[in-house]
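Colleague: how would this look folded up:
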Amino acid sequence: MGQREDMLASIRAAYAARDGGDAESLVTAFHPEGAFTLMGNKNALELAGSMQGHPTLREAFGQLIAGFGFEGREILAELVDGDRVAVHSRVVVRHHPTGKTVSTEILDLFRFQDGKIAELIEFADTAQIKAMIS
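Modeller: Predicted coordinates for the structure are as follows:
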């Protein structure tokens, strides 16, 4: 496989881990100093913001997975440019405590380093998610 296919395969494996509730496999897709940023207003959603490094990512992904399930992910578009990948997808988000679900679209911007995810910036409708859990 080429670099493009390797990066897309890593992303699909990370998505499968996220969708399957496997925080540890999700963390291993990231570079040891990898960073995840959930864009949004921290007042709207406490988990919005940036986190870096495996220990911090493990804790954050554990919280996200405990609170929110992702179901039926449909990848709408993938764009690859050098070490960067943009993925537009649609998922059903389930809030575990309430059982409420909402269909939403997410844009993920990845940067790779040494075959691992060095950075993931995720754009989701945090206001929609806040309304779901209120």
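Colleague: can we go C-alpha only for contacts and neighbour counts from here?
Modeller: Fine.
Colleague: pLDDT score for Tyr5?
Modeller: Residue 5: Glu, not Tyr. Looking at Glu5, its pLDDT reads 95.
Colleague: how far away is it from Arg12?
Modeller: Computed as CA to CA, to the nearest Å, the Glu5 to Arg12 distance reads 10 Å.
Colleague: Check which helix or strand Glu119 maps to.
Modeller: Using DSSP states H and E, Glu119 sits in strand 116-123.
Colleague: can I get the CA coordinates of that strand in PDB?
Modeller: What follows is strand 116-123, C-alpha atoms only, in PDB (Å, rounded to 0.1, in the frame of the first residue of the first chain):
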ATOM      1  CA  LYS A 116       0.400   7.600  13.200                       C
ATOM      2  CA  ILE A 117      -2.200  10.300  13.700                       C
ATOM      3  CA  ALA A 118      -0.200  13.300  15.000                       C
ATOM      4  CA  GLU A 119      -3.200  15.600  15.100                       C
ATOM      5  CA  LEU A 120      -7.000  15.300  14.700                       C
ATOM      6  CA  ILE A 121      -9.200  18.400  14.700                       C
ATOM      7  CA  GLU A 122     -12.800  17.400  14.800                       C
ATOM      8  CA  PHE A 123     -15.700  19.800  13.900                       C
END
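Colleague: where does the chain have low pLDDT?
Modeller: Scanning the chain with the threshold set as pLDDT under 70 gives 1.
Colleague: which residues in it form helices?
Modeller: 3-19, 23-28, 54-67, 126-133 (DSSP state H).
Colleague: of the ones you listed, which approaches Leu76 most closely?
Modeller: The minimum distance between Leu76 and the helices of the chain falls on helix 3-19, with 13.0 Å, by CA to CA.
Colleague: tell me the angle of the closest one relative to helix 54-67?
Modeller: Taking axes from the mean of the first three to the mean of the last three CA atoms, to 10 degrees, helix 3-19 and helix 54-67 form an angle of 50 degrees between their directions.
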